[in-house]
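I would like to see how this sequence folds:
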Amino acid sequence: MAPSRKIELTLSKPLNSVFYTGEDNISGDVKVTFNKSVSVKKISVHLKAFSETITKVDSDYAVMQNGLLIQGPDTRTYHNMMNIEERVFPPDNVWNALEGSSKPFKVNPGEYNYKFKFDKLAGVKPNCLKYHGKETVMFTKKQHTKLPPSFNNLTNEMNKIDNLDLYFYSLGKILYIVQVAIELGKAKSWFKPFDKIMREQQLIEYIPNKNDMDYEKHENVFNSKVVYNNSSSPGIRTSSLGQQLRDRSKQSTLSIDPRSTSMDFPIEGSTPVTPIDSPKVGGNGNINGMSPLNSGAPTHVVPPTVVTVNQSTFKVRLPHSGDNRHVMWVEVRTKNNGFDHLYRKEALFHKGSNKFDRVYLVFRTNDIEELKKIKIKPAKIQLNLLETTTFLSEGIANENLSSLRLISVDGSESTENLVDMSELKPYPSHTNPDSEGFYKMECPVKLRDHPSLKRLLFNEENYRHRGNMLYSFKSCAISRIFDLQLMINWDVYGELSLTEVIIDDIQLYCWTRRRRTSNLETAEPDYLPRYVEPPTYGDTVDRITVNNGDIKQLT
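Numbering: from 1, shown residues only. Just a heads-up that it's a prediction; the model follows:
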């Protein structure tokens, strides 16, 4: 038997046909079917957004009660970020004439159609901000917080106990829904104070504009109450694994002197993404027992006349010398911190990309002539995208770490000529030896000339990681940030040594940048193209046009 009441909600396609943005008017149609007379007070459409985070407390915080070790309870936090209502029945003139009356309308059987349209969401702040006090722990500051993107829309599919990584990853979500509510019933009375409400809703995917997605890097509104826990490595409380990764990122700046000939830093004008494991981190934060470099000064705001240098995490001893003071490391140099933003289909190694097209091997040696004789080549090159997703609730933060391999090439794929030691030259501003008589030299690593690397475009296939497109954001209680990890295995006289460069906290976007202008830094993002309905075709073809332009009738 058919139901006596039925609601059908049809949403208009977003401009790009994939997800809604801040430039979309979320709109659609509502069709209500009544098979018999019904008393209706009002019909309204709601646009809602809310966030939920659940955090686990590890065993280090268990307490003794009656001789039993009791683990602390999970913490759960809800944020109601938006609830916009548009009434579609009764009309405004009738509603205003009611002057607050709660009497319903008698609606005859039949089908009723209504249209709705919400304002654009660009620049809208979450409603939950007004309930955050001074002591509230957040990932963002109130003045910088806008509506975040959808996150973990497919959480029900991932919430499986046979995969703990997906289970912990699903404990935070941001959902946007369009909901139709029909308020039924008679006038309220003391014995029936509540009305019956029919609802129909659809989940939508919303990703804000660039200005609403951007956040201040390296900044969390944290205090001493925050406790970090990690599903993969429980017990880490005072510092997070993600922060340890960013601590391994060594970044410094070099001022450009236009009169200097040695400071040569001009900026010249895919494979599927598959998950792999990150390298093991020892108890002292080192990889394979190597010594970390001295920390450079982190750079958050880069002046336009500054080159950003990302150094490899560890120094590698040169095997030919037998002296630990003879070392080498890798530097990735960009103008105006070219890794601040990364869009889909941007080249990563190609000449002029301002990403990995200026890579150098830097040496510390006291014998330059002997250094020039070294035979060194990359045995393997791998670029990974590291995701750190953090959920926050009641001062407890849980991190989820994952790694995506963007590309991997080995020594059999044209790596012989990437390093030419005849191009060795003094390091910028270090033409004289230091107090121990050691020189600092550099040699370019021409990754931009590798046939596979130079063709790599970031996220060309628009990959979804655990149901979410690749974008970074920060909201009140959820943070999703990305780092790039360049790992190179070096073959020096048959001995393999590993270097790692981590570029931390990159602002990722899931759309493409507009066609490049003369100034790469001022190019604006380009969203997916506007959706156009495809043409319709008949069953027969009357005529065709051949190459010479003549039109011939088909038989």
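
outside of stretch 88-96, which residues touch it?
Counting by C-beta atoms under 8 Å, 6 or more residues apart in numbering, the neighbours of stretch 88-96 from elsewhere in the structure are 30, 40, 42-45, 87, 98, 105, 112, 114-116. Backbone N, C-alpha and C define where each C-beta goes, glycine included.

The same query, at a cut-off of 7 Å, please.
Contact with stretch 88-96 is made by 30, 40, 42-45, 87, 105, 114, 116, as judged by C-beta atoms under 7 Å, 6 or more residues apart in numbering.

so where's the stretch 301-450 of the chain shaky on pLDDT?
Counting by pLDDT under 70, the stretch 301-450 of the chain has low-confidence residues at 301-305, 320-321, 413.

can you give me the helices for it?
Secondary structure of the stretch 301-450 of the chain, counting by DSSP state H, counting those that start in this stretch: helices at 368-372.

just for the chain, where's the confidence low?
Across the chain, the ranges flagged by pLDDT under 70 are 1-3, 59-72, 100, 133-137, 155-162, 186-195, 218-305, 320-321, 413, 514-555.

can you list the domains in it?
Per the record's domain assignment (automatic domain parsing), the chain is made up of the domains 5-210, 252-526.

Just say which of the ones you listed is most tucked in.
Most buried of these, by mean neighbour count (mean count of other C-beta atoms under 10 Å): domain 252-526, with a mean of 17.

Quick one: the domains of the chain as a markdown table, columns for distance to residue 217 too.
Converted to a markdown table, the domains of the chain look like this (distance: least, C-beta to C-beta, whole Å):
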| stretch | distance to residue 217 |
| --- | --- |
| domain 5-210 | 11 |
| domain 252-526 | 5 |
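
Ok, which of those domains comes nearest residue 216?
Shortest separation from residue 216 across those is recorded for domain 5-210, at 6.1 Å, computed as C-beta to C-beta.

Report the separation between the two terminal residues of that closest one.
Using C-alpha to C-alpha, to the nearest Å, the span of domain 5-210 from its first residue to its last is 42 Å.

And the strands in the stretch 101-250 of the chain, which stretches?
Defined through DSSP state E, counting those that start in this stretch, the strands belonging to the stretch 101-250 of the chain, from first to last, are 105-107, 110-117, 172-184, 197-204, 227-230, 250-255.

ok, now which ones touch residue 418?
For residue 418, the contacting residues are 377-378, 445-447, 449-450, taking C-beta under 7 Å, 6+ apart as the criterion.

of all the residues you listed, which two lie farthest apart?
The most widely separated members of the contacts of residue 418 are 377 and 449, with 13.3 Å between them, by C-beta to C-beta.

How about the contacts made by the residue nearest to residue 475 when sequence neighbours are not counted?
With C-beta to C-beta, 6 or more residues apart in numbering as the measure, residue 148 is the residue that lies nearest to residue 475, at 3.8 Å, once sequence neighbours are left out. Shown here is residue 148, whose contacts under the criterion C-beta under 7 Å, 6+ apart are 174, 473, 475.

ditto for residue 503
Contact analysis of residue 503 by C-beta under 7 Å, 6+ apart lists 249, 310, 332, 339, 483-484.

please redo it, this time with the cut-off set to 8 Å
By C-beta under 8 Å, 6+ apart, residue 503 lies in contact with 249, 310, 332, 339, 483-486.

Over to residue 333?
265, 307-310, 358-360.

Likewise for residue 76?
When the contact criterion is C-beta under 8 Å, 6+ apart, the partners of residue 76 are 52-55, 393.

Mind doing that once more with 7 Å?
With contact set as C-beta under 7 Å, 6+ apart, residue 76 has these partners: 54, 393.

and the host helix or strand of it, C-alpha only, in CSV?
Using DSSP states H and E, residue 76 sits within strand 75-89. Written as CSV, here are the backbone C-alpha positions of strand 75-89 (Å, rounded to 0.1, in the frame of the first residue of the first chain):
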residue,chain,number,x,y,z
THR,A,75,35.1,12.6,24.8
ARG,A,76,32.5,13.8,22.2
THR,A,77,31.9,17.3,20.9
TYR,A,78,29.2,18.6,18.6
HIS,A,79,29.3,22.0,16.8
ASN,A,80,26.1,23.3,15.2
MET,A,81,27.6,25.5,12.6
MET,A,82,24.6,26.5,10.5
ASN,A,83,20.8,26.2,10.3
ILE,A,84,19.3,28.4,7.6
GLU,A,85,15.5,28.0,7.1
GLU,A,86,13.4,29.0,4.1
ARG,A,87,9.7,28.6,4.5
VAL,A,88,7.9,27.5,1.3
PHE,A,89,4.4,27.0,2.7
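
immediately after that strand, which helix or strand?
The first helix or strand that comes after strand 75-89 along the chain, using DSSP H and E, is helix 92-98.

what about dumping the CA coordinates of stretch 371-380 to CSV?
Below are the C-alpha coordinates for stretch 371-380, written out as CSV (Å, rounded to 0.1, in the frame of the first residue of the first chain):
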residue,chain,number,x,y,z
LEU,A,371,85.1,15.8,-4.2
LYS,A,372,84.8,16.4,-8.0
LYS,A,373,85.9,12.8,-8.7
ILE,A,374,83.1,11.3,-6.7
LYS,A,375,80.6,9.1,-8.6
ILE,A,376,77.2,9.8,-7.2
LYS,A,377,73.8,9.2,-8.6
PRO,A,378,70.2,8.7,-7.2
ALA,A,379,69.4,5.1,-6.8
LYS,A,380,65.7,5.8,-6.0
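
what comes into contact with it?
Residues external to stretch 371-380 that are found in contact with it (C-beta under 7 Å, 6+ apart): 320, 363, 365, 410-411, 415-416, 418-419, 421-422, 424, 441, 488-493, 496.

try 8 Å
Stretch 371-380 is touched from outside by 318, 320, 361, 363, 365, 408-411, 415-416, 418-419, 421-422, 424, 441, 445, 487-493, 496, with contacts defined as C-beta under 8 Å, 6+ apart.

And for stretch 13-27?
Applying C-beta under 8 Å, 6+ apart, the contact partners of stretch 13-27 are 11-12, 47, 115-124, 150, 176, 178, 204-209, 212, 469, 527-531.

Filter those residues down to the ones in helices?
The members of the contacts of stretch 13-27 that map onto helices under DSSP state H are residue 212.

Contacts only, for residue 109.
Applying C-beta under 8 Å, 6+ apart, we find residue 109 in contact with 34-37.

same check, this time on residue 108
34, 37.

Return the distance of it relative to residue 355.
Distance of residue 108 to residue 355, computed by C-beta to C-beta, to the nearest Å: 65 Å.

Repeat that for residue 334.
The value you get for residue 334 to residue 355, if C-beta to C-beta is used, is 7 Å.

And residue 41, by the same measure?
Taking C-beta to C-beta as the criterion, residue 41 is separated from residue 355 by 59 Å.

Then residue 448?
From residue 448 across to residue 355, the span is 9 Å (C-beta to C-beta).

okay, and the common contacts of the two?
residue 349.
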